[in-house]
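> When you get a sec, could you give me coordinates for this:
(one chain, ligands or ions: 1)
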Amino acid sequence: MPAAVEFQKVSRHFGPVRAVDAVSVEIDEGEFFAMLGPSGSGKTTCLRLIAGFEQPTSGGIRIFGESMTGVPPYRRAVNTVFQDYALFPHLNVVDNVAYGLRIAGKGRDERRREAEAALELVKLPGYGDRKPGQLSGGQRQRVALARALVMKPRVLLLDEPLGALDLKLREQMQEELKDLQRKVGITFVFVTHDQGEALSMADRVAVFNDGRIEQVGTPEEIYNRPAKPFVANFVGSSNVLAPEVTERLTGRRAHASLRPEAVRIGGEGRAAKVLATSFLGTTTRVHLDMEGVDLTALLPRGAGVPRQGEEVRVSWDDGDLHLMEGT
Ligand code: ATP
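Sure thing, here's the model as predicted:
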């Protein structure tokens, strides 16, 4: 079975800027796939390349095995939910949702029926007669989703769709989006710079940096076995140890990642001095100097917190010190 979306060495350059640089990746049918990375790393350009709003400078894109070279956006089996939702302010909710169906030439009754089914799907039944201006941000987000889903795309592209919502609503929508994706069963490709969002929702995550994909994997793989220092730093926080330090600790010369929550304080271990502690609510962060190496530990609530300046012992399980390639 062909991949839902396949990038074959795709580059998109804008003059000297390599927005997307030789990206190859396959997104499976039915997958919830996140493109994660800092601002300017090329995620949105990748999404626009799938949608057909941009053309590759080189390389090719296939959607369900079919080459997209020369295929305009409206002929692709994809639909996009934009960050600003792009709703028509003068149209009511039903007409907004049904807009694409009208353009496609569907009759009035059929449009209404399908638009209402889509509104039901996003848990917004009965809001059809309102104008977008009479809705909350979260409700507008749902209308934008309904409008994209009503066209029955095989791939739904979402560009930071939760970016405009406050934290509580964003967390609620994360769960709902995941449920919705399971229910409709289509491929979601989701762009975000929020690692928590990517980890909590996606089946697989591609971590972008500077127009390239540094790693593709499940949230667990990305978090527990980051391939490169960039991934270890960007996804969660980590103690990234320089090759000389890793060599001193393990005998092997490579960068290594040690998650702060894996560092224990007390009992046996290496000598370290507490430089600072910060109470974070559910955890306490402890900044340590371990024989000249900067180390952060994250202690769970209820663990004994050492004092600033205290000499302590630190340890971790061997498996938690994860060796990486590259720089
Ligand atoms: P953000 O999270 O800020 O949207 P992003 O990871 O989605 O960032 P892109 O929008 O894909 O990044 O941009 C990647 C790079 O390409 C950036 O340096 C950007 O300035 C550049 N770029 C994007 N579109 C254009 C364009 N139309 N013309 C020139 N440069 C562009």
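> so what's the backbone phi/psi at the most centrally placed residue in the chain?
Centrality entry for the chain: nearest residue to the mean C-alpha point is residue 198, 3.2 Å, by C-alpha atoms, centre = their mean. Main-chain dihedrals, residue 198, degrees, to the nearest 10: phi -60, psi -50.
> isn't residue 5 right next to residue 61, touching?
Yes. At 7.1 Å, residue 5 and residue 61 qualify as touching, with contact defined as C-beta atoms under 8 Å. C-beta here means a position set from N, CA and C on the backbone, and glycine is covered the same way.
> These two: who's more crowded?
Between residue 5 and residue 61, counted using other C-beta atoms under 10 Å, the more crowded position is residue 5 (26 against 22).
> Report the beta-bridge partner residues of that one.
Note on residue 5: beta-bridge partners by DSSP bridges are residue 27, residue 63.
> Where do the strands of the stretch 1-150 of the chain begin and end?
Ranges of strands in the stretch 1-150 of the chain, per DSSP state E, counting those that start in this stretch, are 5-14, 17-27, 32-36, 58-63, 66-67, 78-81.
> The last one near the ligand at all?
No. Where contact is defined by C-beta under 6 Å from any ligand atom, no part of strand 78-81 touches the ligand; the two come within 13.4 Å at best.
> which ones are touching the closest residue to the ligand within the stretch 101-250 of the chain?
Closest residue of the stretch 101-250 of the chain to the ligand, C-beta to the nearest ligand atom: residue 193 (5.0 Å). Residues in contact with residue 193 (C-beta atoms under 8 Å, 6 or more residues apart in numbering) are 36, 37, 38, 39, 43, 160.
> Just the buried residues of those.
Listed as buried from the contacts of residue 193 are 36, 37, 43, 160; burial here means 16 or more other C-beta atoms under 10 Å.
> export these to a markdown table and tack on distance to the ligand and pLDDT?
Shown next, in a markdown table, are these (distance: C-beta to the nearest ligand atom, whole Å; pLDDT from 0 to 100):
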| residue | distance to the ligand | pLDDT |
| --- | --- | --- |
| 36 | 9 | 97 |
| 37 | 5 | 95 |
| 43 | 4 | 96 |
| 160 | 7 | 89 |
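> In helices, which of those residues appear?
Residues of the buried ones among the contacts of residue 193 located in helices (DSSP state H): residue 43.
> Closest one of the buried ones among the contacts of residue 193 to residue 143?
For these, the closest approach to residue 143 (C-beta to C-beta) belongs to residue 160, at 16.8 Å.
> about what we covered before: single out the most deeply packed of the strands of the stretch 1-150 of the chain.
Each of those was scored by mean neighbour count; the highest is strand 32-36, a mean of 26, by mean count of other C-beta atoms under 10 Å.
> For the stretch 51-200 of the chain, list the residues in contact with the ligand, please.
Residues of the stretch 51-200 of the chain found near the ligand, taking C-beta under 6 Å from any ligand atom as the criterion, are residue 193.
> report the longest strand in the chain, please.
strand 264-279 (DSSP state E).
> For it, name the packing helices and strands.
Here strand 264-279 touches strand 283-290, strand 293-300, strand 311-315, going by 3 or more C-beta pairs under 8 Å, 6 or more residues apart in numbering; DSSP states H and E.
> Pipe those strands into TSV and attach distance to the ligand per row.
Shown next, in TSV, are those (distance: least, C-beta to the nearest ligand atom, whole Å):
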stretch	distance to the ligand
strand 283-290	27
strand 293-300	27
strand 311-315	36
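> Could you provide the ones you listed in a markdown table, with additional columns for mean pLDDT and mean neighbour count?
Listed next are these as a markdown table, based on pLDDT from 0 to 100; neighbours: other C-beta atoms under 10 Å:
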| stretch | mean pLDDT | mean neighbour count |
| --- | --- | --- |
| strand 283-290 | 95 | 19 |
| strand 293-300 | 94 | 18 |
| strand 311-315 | 96 | 16 |
